[in-house]
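1. can you look at this prediction? I've put the sequence above it.
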Amino acid sequence: MSNRAMSVIFASDNDSQLNDLSIHRTTASMPFGGRYRLIDFTLSNLVAAGITKVGIVTKNNYNSLMDHIRMGRDWDLNRKNGGITVFPPFVLNTLHEVYKGKIDALYSLRSFLISSKEPYVLLTPANIVTSLDFNELENFHFETGADISMLTYKTDELNPKKNIIETDSAGRVIDSRFAVTSESGGPEELINLGIYFIKKDLLITLVDNAYARGFIDFEKDIIQKSLGEFKIMSYEIKDYVAVIDRIPAYFKHSMELLDADIRYDLFYKKGSILTKIKDSVPTRYLNNAGLKNSLVADGCVIDGTVENSILFRGVTVEAGAVVKNSIVMEKGLIMRGAYIDYTITDKNVVIREGRKLAGYETYPMVIAKDKTV
Amino acid sequence: MKINQKECVAMLLAGGQGTRLGVLTNDVAKPAVPFGAKYRIIDFTLSNCVNSGIDTIGVLTQYRPFELHQYIGNGQPWDLDRLSGGIYVLPPFMRAKSGEWYKGTANAIYQNIDFIDRYDPEYVLILSGDHIYKMDYSKMLKFHKGNNADCTIAVLEVPIEEAPRFGIMNTKDDGAIYEFEEKPKKPKSTKASMGIYIFNWQKLKQYLIEDESEKSSQNDFGKNIIPAMLKNGERMFAYPFEGYWKDVGTISSLWEAHMDILSATAGLNLNDRNWRIYARNIAEPPHFVGFNATVKNSIISEGCVVDGTVENSVIFHGSVVGKGAKIYDSIIMPSAEIAEGAEVRHAIIGWDAVIEKGAKVGETLAAPVSGEWEIAVVAPGYTVKEGEVIAANQMIGGN
């Protein structure tokens, strides 16, 4: 797809749904899988497909994202041609306020879009964990003669943020609606991932028209209303895909990484997932370490018991501490004799001697960044 | 044409073949040999330079240079991709009328006089690419300047019984060197040369040119340049270094240095925030420890999948330890596979090597006695077949 498409990533699309974990950061910079941030998956997929001009739209709390991305070097995006641009809110604006939806966000990027030489745009949120080849989407777009190609997947996890799609037998989208309630375990539905491949000129026209009428919601005000006029095609991902839009989903999909097949799909099958390089040392196991079924990043020191858990970089588990079914983010310290079960501890959390914490699989306990228990 | 002037340029000797590492250096130069679960040997010297504020480094390569050249690349992992200075790989090259291999350590610098002159440095720091240590060269430079020296040689105190293995500096009370003895049978001092020199560049240049015209010279710093300078009464000082230092030029010293990482008392701490060791990173996910794993006193890097027993061992990135496999006191280099039920003891397994199901490496007839075993080595990329047994002290694979 080299140089035919640019990309716009919406870094903040789901912030309100991730509660304590997104107080300090955008969804895009949410830690995931021991050493990654959610946006790493999207960026790695883009780079692998040769898309090297990337704009990232942020809304609030974008410091952690800026710190993660820096100049984009770790994704090979520090280019003279293209490269990465982070758009904080309040820049080049006739808006006078922080944008509310993707339509006004895209409108504020109008000159960035127009000045770019790439004729196509790939729009994507930053909360999708998958390893996919965007070239396949591009080929699909041209083969089907679509005006807009939309990536979809099937799931039974529904909530009011899930955009349910109906297609005809050829894959053309004929209906778009939102789930009314949150439920899971029912029949699977085809869901819009919010990843679109579209000709730049068409996107600008659609955004201009919608913005002029005061619309803000891309799915409700543009996609839904364009179904008749434009050929919008659904391209369903059959490989592993996880959408991180709620804390239980974050927990569930994190734990899926303990499955060797899913790790293969994500990290090896189509190419590497790149992330910020931190020069951590390898992980050190001491004499009392006992580990089962866990994922451990570099820089940890482990002398306690860890089961069915994910440890991020630089975590310390002291002797006699027990970590079960939990996610311990960067630089967490689980002190002697502490016990945690179904718990997510954010960065720099300290669980002091003898403390016991337990959540439940569908409602894990979350300890916010920098807290000491 | 001069570029920006630099006070001190480092020249890193990385051309040695490293024959004593056997099959490990069949295809790569010694400084490129993996070390410490995620590093290469050369990372320690490069990181020392950067942490000491030296940003202009010439790396002299000759033997099997491709892996090393690729690894160093533009120097970005060490923050050496600079507008002024940075890192340069300097293999031997052809000149208008001639061209030859580096004949010795001194000749390698002699052949690159032009490179050094471009930076017009006051001082030149000569380093080896095959030592594991953390050292602040800026302190040594300060010492050199304070003594108004022509040459300063870093020395390490060694036990007197080990002194005959080293080049020994005999010094006066003020640290001035009056005699240098290579591997003396009856050492007069315990100050062993670490192969780290600071010279005043103009002085060194003069000696290099003279040495080059001497047909019988071996063009070696230790054998020729240092003795010649001593003979002429130049101001030469020994800079005392305290801390961990190891020449990892042999199989046993390479193995010991890895065990030193695991030891709480050996003094080789990789996790020092004030003195980071930088390396070129590989994009691999965190390592996975399975249901059947037992891991004690070991270090494991990213991308590994471990489902067996690992004790007192160092597992490099991307390696696989199958269900029920047992690894004791060993070094498993990158992307090696120890299959189900295989056993590895007191061994170094080269990168990409495979130890198939039930095979045994480092096997002894009786239970190994501490201090009496020898290290088994499996060559990079070699496959030890199912059920095969490789004895202790055996080196297998390679040419």
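-> Nice, I can see it. Residues are numbered from 1 along each chain as shown, chains lettered A, B, ... in the order given.

2. closest residue of the stretch 1-150 of chain A to chain B?
-> Closest approach of the stretch 1-150 of chain A to chain B (Cβ to the nearest Cβ) occurs at residue A:34, with a separation of 3.5 Å. In short, each C-beta sits where N, CA and C put it, glycine included.

3. ok, now which ones touch that residue?
-> A:257, A:295, A:296, A:297, A:310, A:311, A:312, A:313, B:285, B:286 (Cβ atoms under 8 Å, 6 or more residues apart in numbering or on different chains).

4. correct me, but the fifth one touches residue A:32?
-> The reference is to residue A:310. No: with contacts counted by Cβ atoms under 8 Å, residue A:310 stays clear of residue A:32, the gap being 9.1 Å.

5. show me the domain layout of chain A.
-> If you go by automatic domain parsing, the domain ranges for chain A are A:5-267, A:284-367.

6. looking at those, which one has the lowest mean pLDDT?
-> Ranked by mean pLDDT, the domains of chain A bottom out at domain A:5-267, with a mean of 88.

7. centre of the chain to that domain, how far?
-> 8 Å (Cα atoms, centre = their mean, to the nearest Å).

8. which ones are touching the nearest residue to residue B:24 once chain neighbours are set aside?
-> Leaving aside its sequence neighbours, residue B:24 sits nearest to residue B:33 (Cβ to Cβ, 6 or more residues apart in numbering or on different chains; 5.6 Å). Residue B:33 makes contact with B:18, B:21, B:24, B:25, B:40, B:41, B:248, B:254 under the criterion Cβ under 8 Å, 6+ apart.

9. now secondary structure and neighbour count too, for the residues you listed, in TSV please.
-> TSV is the format used below for the contacts of residue B:33 (DSSP: H, G, I helix; E, B strand; the rest coil; neighbours: other Cβ atoms under 10 Å in any protein chain shown):
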residue	secondary structure	neighbour count
B:18	coil	24
B:21	helix	22
B:24	helix	24
B:25	helix	22
B:40	strand	23
B:41	coil	26
B:248	coil	23
B:254	helix	26
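
10. just give me the least confident of these.
-> Minimum pLDDT across these is recorded for residue B:18, with 75.

11. just checking, that one touches residue B:32?
-> No: if you go by Cβ under 8 Å, residue B:18 and residue B:32 don't touch, sitting 9.6 Å apart.

12. just the strands in the stretch 151-300 of chain A please.
-> A:163-167, A:173-178, A:189-199, A:232-236, A:241-243, A:283-285, A:290-292, A:294-296 (DSSP state E, counting those that start in this stretch).

13. and what of the stretch 101-250 of chain B?
-> B:123-128, B:131-133, B:151-157, B:167-171, B:177-182, B:191-200, B:236-241, B:245-247.

14. so which elements touch the fourth one?
-> Yep, that's strand B:167-171 we're talking about. strand B:177-182, strand B:191-200, strand B:236-241 (3 or more Cβ pairs under 8 Å, 6 or more residues apart in numbering or on different chains; DSSP states H and E).

15. run the last query once more with 6 Å
-> Counting contacts by 3 or more Cβ pairs under 6 Å, 6 or more residues apart in numbering or on different chains; DSSP states H and E, strand B:167-171 packs against strand B:177-182, strand B:191-200.

16. what's the distance between the spatially closest residue to residue A:145 that is not a sequence neighbour and chain B?
-> Excluding the flanking residues, the one nearest residue A:145 by Cβ to Cβ, 6+ apart is residue A:231, at 6.7 Å. Using Cβ to the nearest Cβ, to the nearest Å, we find residue A:231 at a distance of 38 Å from chain B.

17. my guess is residue A:231 contacts residue A:146, does it?
-> Yes: contact criterion Cβ atoms under 6 Å: residue A:231 and residue A:146 qualify, at 5.2 Å.

18. which positions in chain A make contact with chain B?
-> Residues of chain A found near chain B (Cβ under 6 Å from any Cβ of the partner chain) are A:34-35, A:267, A:272, A:274, A:277, A:279, A:281-285, A:287, A:289, A:291-298.

19. can you turn the buried part of those into a ChimeraX selection?
-> Remark: buried members of those, expressed as a ChimeraX selection using 16 or more other Cβ atoms under 10 Å in any protein chain shown:
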select /A:34,35,267,272,274,281,282,283,284,285,289,291,292,293,294,295,296,297,298
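
20. who touches the residue lying farthest from the centre of chain B in this structure?
-> The outermost residue of chain B relative to its centre, with distances by Cα atoms, centre = their mean, is residue B:291 at 36.9 Å. Each residue near residue B:291 by Cβ atoms under 6 Å, 6 or more residues apart in numbering or on different chains is listed here: A:292, A:293.

21. can you pull the pLDDT of it?
-> 96.

22. the one 10 residues further on now?
-> Confidence per residue is given as pLDDT, and for residue B:301 that number is 96.

23. was I right about it contacting residue B:35?
-> No: judged on Cβ under 6 Å, residue B:301 makes no contact with residue B:35 at a distance of 11.5 Å.

24. shared neighbours, the two?
-> Taking Cβ under 6 Å, 6+ apart as the contact rule, residue B:301 and residue B:35 touch no residue in common.

25. circling back to that earlier point, any idea which of the domains of chain A is most buried?
-> domain A:284-367 (a mean of 21; mean count of other Cβ atoms under 10 Å in any protein chain shown).

26. would you mind measuring the gap between the ends of that one?
-> Taking Cα to Cα, to the nearest Å, domain A:284-367 runs 25 Å from one end to the other.

27. OK, contacts around residue A:178?
-> A:160, A:163.

28. one more pass at 7 Å, please.
-> By Cβ atoms under 7 Å, 6 or more residues apart in numbering or on different chains, the contact list for residue A:178 reads A:160, A:162, A:163, A:164.
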